[in-house]
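> Quick one, structure for this:
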Amino acid sequence: MLKYKMPENVFDKFFEHRNSLILQFKNGDITKREFLEEHYHFIQKLKLQPFKNKIDSFEKGIYNYQYYNMLAKYCYMRSKDRKLINKHPQVARKYSSKAVHYYNQKDWSTIRLLEHLDFQNVEAYFIKVRSRALKDKLYEIVLYDFQDVILHSKSESMLERLKSEGVFEEGIRKSLIDNYINQKY
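Below is the predicted model of the structure:
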């Protein structure tokens with residue numbers, strides 16, 4: 001008797017691959033740069049797209065966050081590549097522009113996810129960073145109802161919303177994923 005196996009859905013493929021990369025990073029098998037490159041190429045290979053309509057589930061919201069975050073980080077990393085800047089400065093500027101766009105989309109997705117969750121069991125706070133550019137700007141958002149869901153932003157409008165919802169705690173803390181956050185790429 002043949003057993004028919006349902007194909008994996010996009011969430012399963014995306015998060016399984018991402019979790020594999022996280023494990024490799026935690027074990028020291030890959031660098032942060034390699035993590036970003038591998039994840040970016042995986043998204044491109046599968047021709048993954050974000051959800052454009054209403055975020056009506058945790059899965060859609062976190063998928064969009066991770067999708068845009070990965071594209072933003074990859075484009076930012078490429079925009080800082082010295083060889084690319086020296087040979088093709090216009091291409092580096094395009095990457096920089098794309099990074100800003102993707103970070104904005106990530107922040108929009110984050111707000112929609114938090115609204116879907118009614119800001120319940122959410123805590124946010126500024127984190128300690130080595131980067132001067134991110135000092136007193138980067139904050140962490142922890143979703144306590146979901147294991148290992150830690151989001152980051154430096155959006156001022158989101159910060160105001162987090163404060164108005166009563167989930168932002170004053171002070172600076174060590175990030176729950178400090179090793180990843182503070183590693184250059």
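> on contacts alone, who are the packing partners of the longest helix anywhere in the chain?
Secondary structure of the chain read by DSSP state H shows that its longest helix is helix 89-116. Packed against helix 89-116 by the contact rule (3 or more C-beta pairs under 8 Å, 6 or more residues apart in numbering; DSSP states H and E) you find helix 58-79, helix 82-87, strand 150-153, helix 156-164. Placement of C-beta: from N, CA and C, glycine included.
> So for the second one, what gets flagged as buried?
Residues of helix 82-87 classed as buried under the neighbour-count rule (16 or more other C-beta atoms under 10 Å) are Ile85.
> now stretch 23-40
Buried, per 16+ other C-beta under 10 Å, within stretch 23-40: Phe25, Ile30, Lys32, Phe35, Leu36, Glu37, Glu38, His39, Tyr40.
> now those in JSON lines, with pLDDT and distance to His17?
As requested, these are exported to JSON lines (pLDDT from 0 to 100; distance: C-beta to C-beta, whole Å):
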{"residue": "Phe25", "pLDDT": "88", "distance to His17": "13"}
{"residue": "Ile30", "pLDDT": "91", "distance to His17": "13"}
{"residue": "Lys32", "pLDDT": "86", "distance to His17": "16"}
{"residue": "Phe35", "pLDDT": "90", "distance to His17": "11"}
{"residue": "Leu36", "pLDDT": "89", "distance to His17": "13"}
{"residue": "Glu37", "pLDDT": "91", "distance to His17": "13"}
{"residue": "Glu38", "pLDDT": "92", "distance to His17": "8"}
{"residue": "His39", "pLDDT": "89", "distance to His17": "7"}
{"residue": "Tyr40", "pLDDT": "90", "distance to His17": "11"}
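> And the residues you listed, which is closest to Tyr95?
Tyr40 (11.7 Å; C-beta to C-beta).
> For Leu48, the count of nearby residues, please.
Leu48 has 14 neighbours, counted by other C-beta atoms under 10 Å.
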